[in-house]
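*Asks:* Provided below are the primary sequence and the corresponding predicted coordinates.
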Amino acid sequence: MKKGYLSKIITVVFIAAFFVLCICLAPITSAANTLWALFPPVLAIGLALITKEVYSSLFIGILVGAIISSGFNFVSAVGTVVETGIITSVADNAGIFAFLVILGIIVALVNKAGGSAAFGRWAAKNIKSKVGASLAAFALGVLIFIDDYFNCLTVGSVMKPVTDTHKISRSKLAYIIDATAAPVCMIAPISSWAAAVSKYAEGTEYSGFELFVRAIPFNFYSILTLVFVIGLAVMNFDYGPMKKFQKMAEEGDIVGDGSTVVYETGAENKESSVWDLVFPVIVLIISCVFGLVYLGGFFDGVSFIDAFANTPVFTALPWGGLVALIIIFIYLLIRRVITFKEAMECVPQGFIAMVPAILILTFATGLKNITTAMGAKEFVGALMADASSGLFILLPFVIFLVACALSFSTGTSWGTFGVLIPIVVAIFPAGSNLLFIGMSACLAGAVCGDHCSPISDTTIMASAGAECNHVNHVATQLPYTITVALISAVCFLFASFLQMFVTDFALAAIISLSFGIVLTIGTLFVLKKVTAKK
């Protein structure tokens, strides 16, 4: 039986089983704050991984969630799908949609002007190997730590011509982008993520910024993910589904869809130079950072950190992007590397390029909204509160696992730590090192689940930035994220028990992090040896 037919049969069976379940459970009037709240996202994720088709899987998840939340009233469910699943989702994401379109237009302009082609020629001369190309993508991702959305789309736009030249699959590029987005933002004191976390510090003797900074050394998942990416690049190997896609890339199928199409760098233009790509990127970075702090009130006397905490990110990024677009437009016209007519043709091209990401983000947010309305966060939060009475020393480990599961199921790291941080602060003594380990476990688990969830916005943005099939990206990076998650779980156990013998904060952090790095590198050597034998 062909794989495509098998996927369709499995999908039909899933849907049929659900409707039978609906008939059996029709008397149920409410599934709020129960395990049912996690069923729609789990169903959507399962269907996406089985069928390799993300649009219908997400929509089925929305429909199922709407039916359950409406007490199996199908008429009411339709209203929930339209209002909560679509209209509210579009409204919630209007700012990021605008930023996506603006960035798509900028990419189209740079390509049309020959900036990407010029950068590709420069990279071919200066980046000589696959290892160098991977590390260059990694370095750029680390440098752009202000915001994960901005990181995903910018790194992808800049590095595609380089990685395509060295036959690095789009799935691998998407993983590098994803691994340097949320994980880097979560350990960068100056970022939109740090600002979001800082506001949950009430009830401790520390400021929000200090609490966030003290939690960084124990954020094993974020730090060890970076070590893992560097190790994979330097040791030059892959495993799991990624190995298959890398082999396909070496044979000419960069995208992994059976085609031999590579990144379109635009027409060769003798007048273009590397600066026709570098200058727009620099302008975009400066403009977006300025927009973030300006709308956060920095020029009204607010501190730089508080400006990040107060800024409306979904307004600031389009604000900065629009200013950058105008400057880039004028710059390219003055350089005479593009005509006015060609520049206007880039507007619809940029929009069309971002339509898949916009659709997936709309459906993913709709599923997230319905899951939230069903009380998934309250259900998990109640479980955590009940668990806090026993196994105190193991709580960071438990918190990490719960945060992973909640973030993976709901596709939101911010929502996850928004629910769990108040519980963590209430459980641990204010001056205890376990408070910082518990906080780190919460943040690390939120990032981990977000990193590998098919319905996560950053996962979707990474796919869009690399122009990679979204389901392929999820399937190929899942073994990598699970590997680092398991290592991180062991590290949280180690760090918790270490507190019984080492009370000095700095020493405990150094020992725990060193243990994690050694364990990660050792795991990579074992994986390479096992993969080589296979």
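*Replies:* Noted; the coordinates are in hand. As the structure is a computational prediction, the values presented were derived from the model and not from experiment. Numbering: from 1, shown residues only.
*Asks:* export the helix or strand hosting Val107 to PDB, keeping only CA atoms.
*Replies:* Assigning secondary structure by DSSP states H and E places Val107 in helix 94-113. Output of helix 94-113 as PDB, limited to C-alpha atoms (Å, rounded to 0.1, in the frame of the first residue of the first chain):
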ATOM      1  CA  ALA A  94      -2.100  41.300  12.700                       C
ATOM      2  CA  GLY A  95       1.100  42.900  13.800                       C
ATOM      3  CA  ILE A  96       3.300  39.900  13.100                       C
ATOM      4  CA  PHE A  97       1.500  39.400   9.800                       C
ATOM      5  CA  ALA A  98       2.400  42.900   8.800                       C
ATOM      6  CA  PHE A  99       6.000  42.300   9.800                       C
ATOM      7  CA  LEU A 100       6.100  39.100   7.800                       C
ATOM      8  CA  VAL A 101       4.800  40.800   4.700                       C
ATOM      9  CA  ILE A 102       7.300  43.800   5.100                       C
ATOM     10  CA  LEU A 103      10.200  41.300   5.500                       C
ATOM     11  CA  GLY A 104       9.000  39.400   2.500                       C
ATOM     12  CA  ILE A 105       9.100  42.600   0.400                       C
ATOM     13  CA  ILE A 106      12.600  43.500   1.700                       C
ATOM     14  CA  VAL A 107      13.800  40.000   0.800                       C
ATOM     15  CA  ALA A 108      12.300  40.300  -2.700                       C
ATOM     16  CA  LEU A 109      13.800  43.700  -3.200                       C
ATOM     17  CA  VAL A 110      17.300  42.500  -2.100                       C
ATOM     18  CA  ASN A 111      17.000  39.500  -4.400                       C
ATOM     19  CA  LYS A 112      15.800  41.600  -7.400                       C
ATOM     20  CA  ALA A 113      18.700  44.100  -6.800                       C
END
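*Asks:* list the buried residues of that helix.
*Replies:* 95-113 (16 or more other Cβ atoms under 10 Å). Every residue, glycine included, has its C-beta placed from N, CA and C.
*Asks:* pLDDT (mean, whole number) over that helix?
*Replies:* Throughout helix 94-113, pLDDT has a mean value of 83.
*Asks:* likewise for stretch 141-160?
*Replies:* For stretch 141-160, the per-residue pLDDT averages 74.
*Asks:* now that stretch - C-alpha only, PDB.
*Replies:* Presented in PDB, the C-alpha positions along stretch 141-160 are these (Å, rounded to 0.1, in the frame of the first residue of the first chain):
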ATOM      1  CA  GLY A 141      21.500  33.500  14.800                       C
ATOM      2  CA  VAL A 142      23.300  34.100  18.100                       C
ATOM      3  CA  LEU A 143      24.000  37.700  17.200                       C
ATOM      4  CA  ILE A 144      20.400  38.500  16.500                       C
ATOM      5  CA  PHE A 145      19.100  37.900  20.000                       C
ATOM      6  CA  ILE A 146      16.600  40.700  20.400                       C
ATOM      7  CA  ASP A 147      13.500  38.800  19.300                       C
ATOM      8  CA  ASP A 148      12.900  35.300  18.100                       C
ATOM      9  CA  TYR A 149      10.500  36.200  15.200                       C
ATOM     10  CA  PHE A 150      13.100  38.700  13.900                       C
ATOM     11  CA  ASN A 151      15.800  36.200  14.300                       C
ATOM     12  CA  CYS A 152      14.100  33.400  12.400                       C
ATOM     13  CA  LEU A 153      13.200  35.400   9.300                       C
ATOM     14  CA  THR A 154      16.400  37.500   9.100                       C
ATOM     15  CA  VAL A 155      18.800  34.500   9.500                       C
ATOM     16  CA  GLY A 156      16.900  32.500   6.900                       C
ATOM     17  CA  SER A 157      16.900  35.300   4.400                       C
ATOM     18  CA  VAL A 158      20.600  36.000   4.700                       C
ATOM     19  CA  MET A 159      22.000  32.400   5.000                       C
ATOM     20  CA  LYS A 160      19.900  30.500   2.400                       C
END
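*Asks:* quick one: it to chain centroid distance?
*Replies:* Distance of stretch 141-160 from the chain centroid (Cα atoms, centre = their mean, to the nearest Å) equals 11 Å.
*Asks:* and stretch 353-372, by the same measure?
*Replies:* Distance of stretch 353-372 from its chain centroid, counting by Cα atoms, centre = their mean, is 14 Å.
*Asks:* what mean pLDDT does it get?
*Replies:* Average pLDDT, stretch 353-372: 78.
*Asks:* endpoint to endpoint, stretch 108-123 covers what distance?
*Replies:* Start-to-end span of stretch 108-123 (Cα to Cα, to the nearest Å) is 20 Å.
*Asks:* just give me how far it sits from the chain centre.
*Replies:* 27 Å.
*Asks:* contact partners of that stretch?
*Replies:* Defining contact as Cβ atoms under 8 Å, 6 or more residues apart in numbering, one finds that stretch 108-123 is touched by 133, 136, 157-158, 160-162, 165, 263-269, 271-278, 280, 328-329, 332, 335, 337-338, 342-343, 345-347, 349-350, 353.
*Asks:* pull out the buried members of the residues you listed.
*Replies:* So, by 16+ other Cβ under 10 Å, the buried ones in the contacts of stretch 108-123 are 133, 136, 157-158, 160-162, 165, 263, 265-266, 269, 272-274, 276-278, 280, 328-329, 332, 335, 337-338, 342-343, 346, 350, 353.
*Asks:* shaky segments in the stretch 351-500 of the chain?
*Replies:* Applying pLDDT under 70 to the stretch 351-500 of the chain flags residues 377, 380-392, 415, 418-419, 422, 426, 430-431.
*Asks:* one more time with 90, if that's ok
*Replies:* For the stretch 351-500 of the chain, the stretches flagged by pLDDT under 90 are 351-396, 398-399, 402-439, 442-443, 446, 449-472, 496-500.
*Asks:* circling back to that earlier point, give me the subset of the buried ones among the contacts of stretch 108-123 that lies in helices.
*Replies:* 133, 136, 157-158, 160-162, 165, 276-278, 280, 328-329, 332, 335, 342-343, 346, 350, 353 (DSSP state H).
*Asks:* check which residues of stretch 493-507 are buried.
*Replies:* Under 16+ other Cβ under 10 Å, the buried positions of stretch 493-507 are Phe494, Ala495, Ser496, Leu498, Gln499, Val502.
*Asks:* those residues in helices, which ones?
*Replies:* If you go by DSSP H, the buried residues of stretch 493-507 have Phe494, Ala495, Ser496, Leu498 in helices.
*Asks:* neighbours of Leu486, how many?
*Replies:* 12 (other Cβ atoms under 10 Å).
*Asks:* for the most centrally placed residue in the chain, what is the enclosing helix or strand?
*Replies:* By Cα atoms, centre = their mean, the chain has its centre lying nearest to Thr458, at 2.7 Å. In the assignment (DSSP H and E), Thr458 maps to helix 457-466.
*Asks:* and of the ones in helices among the buried residues of stretch 493-507, the nearest to Ser129?
*Replies:* The shortest gap between Ser129 and any of those belongs to Phe494, at 35.7 Å (Cβ to Cβ).
*Asks:* right, and that closest one touches Val518 too?
*Replies:* No. Contact criterion Cβ atoms under 8 Å: Phe494 and Val518 do not qualify, at 11.2 Å.
*Asks:* tell me how far the residue nearest to Phe218 when sequence neighbours are not counted lies from Tyr294.
*Replies:* Among residues not flanking Phe218 along the chain, Ser440 sits closest, at 3.6 Å (Cβ to Cβ, 6 or more residues apart in numbering). Separation of Ser440 from Tyr294 (Cβ to Cβ, to the nearest Å): 32 Å.
*Asks:* same check on Gly71?
*Replies:* 47 Å.
*Asks:* repeat for Phe212
*Replies:* Taken as Cβ to Cβ, the span from Phe212 to Tyr294 is 23 Å.
*Asks:* the more surrounded of those two?
*Replies:* Remark: of Phe212 and Tyr294, Phe212 carries more neighbours, 29 against 16, as counted by other Cβ under 10 Å.
*Asks:* tally up the residues packed near Ala182, please.
*Replies:* 29.
*Asks:* touching, it and Thr412? I think so.
*Replies:* No. Assessed by Cβ under 8 Å, Ala182 is found out of contact with Thr412, at 11.0 Å.
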